[in-house]
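*Asks:* sequence first, then the predicted structure:
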Amino acid sequence: MAYRAMWDDFVRAGTTSDWQSPELAAHATGLALTNLSRGLYADHYNGLVTKGQPVLNPTVSSAEPAGDPVKIIVSDCGDSTNWLKYRADNGQLADDEPGGRHAINAIVEKQADGSWKVTDYGVHDMGTC
């Protein structure tokens, strides 16, 4: 599923805050790709990296059109408890805020080449699921 693959790509890029990673475009495009890159650039600029792995529990909320979908809405409750930001210079936690559960909504659309990519997503505040 493109949704899980996008997060896997983001996790790998986050270990070095590689905001220019070509992997990011493999499963994300449009606003989703822009948001991933911007988040990684901000971490890079601030000297942060991300370690660990989020826990995802995605479900398909809707598929349009139902018979031969080209757009899928994904709902998730992602857990960032073991996926935190660290200072790149000394490996220390960036802050004392624990991770937690966040509601995530995403749009996954079929591309002209037949592949599926996340075109937009939103991560809501901690404790929203």
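*Replies:* Looks like it came in fine.
*Asks:* what average pLDDT does the longest helix along the chain get?
*Replies:* Of all the segments of type helix in the chain, defined by DSSP state H, the longest one is helix 30-45. The pLDDT scores in helix 30-45 average 98.
*Asks:* list the buried residues of it.
*Replies:* 32-33, 35-37, 39-40, 43-44 (16 or more other Cβ atoms under 10 Å). No exception for glycine: its C-beta is placed from N, CA and C like everyone else's.
*Asks:* now those in TSV, with distance to R87?
*Replies:* What follows is the buried residues of helix 30-45, written out as TSV (distance: Cβ to Cβ, whole Å):
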residue	distance to R87
A32	27
L33	26
N35	23
L36	21
S37	21
G39	17
L40	16
D43	10
H44	12
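*Asks:* could you pull out the strands for the protein?
*Replies:* Along the chain, counting by DSSP state E, strands occupy 48-52, 59-64, 71-79, 83-87, 101-110, 116-126.
*Asks:* quick one: closest of those to S17.
*Replies:* Closest to S17 of these is strand 48-52 (Cβ to Cβ; 5.3 Å).
*Asks:* quick one: strands adjacent to the closest one?
*Replies:* strand 83-87 (antiparallel) (DSSP bridges).
*Asks:* kindly state the beta-bridge partners for the closest residue to N35 other than its chain neighbours.
*Replies:* Excluding the flanking residues, the one nearest N35 by Cβ to Cβ, 6 or more residues apart in numbering is Y121, at 7.1 Å. Beta-bridge pairing for Y121 (DSSP bridges): A106.
*Asks:* ok so, going back, which of the buried residues of helix 30-45 sits closest to K71?
*Replies:* For the buried residues of helix 30-45, the residue nearest K71 by Cβ to Cβ is A32; the value is 13.4 Å.
*Asks:* distance check, G114 against P54.
*Replies:* G114 sits 28 Å away from P54, going by Cβ to Cβ, to the nearest Å.
*Asks:* fine, thanks again, bye for now.
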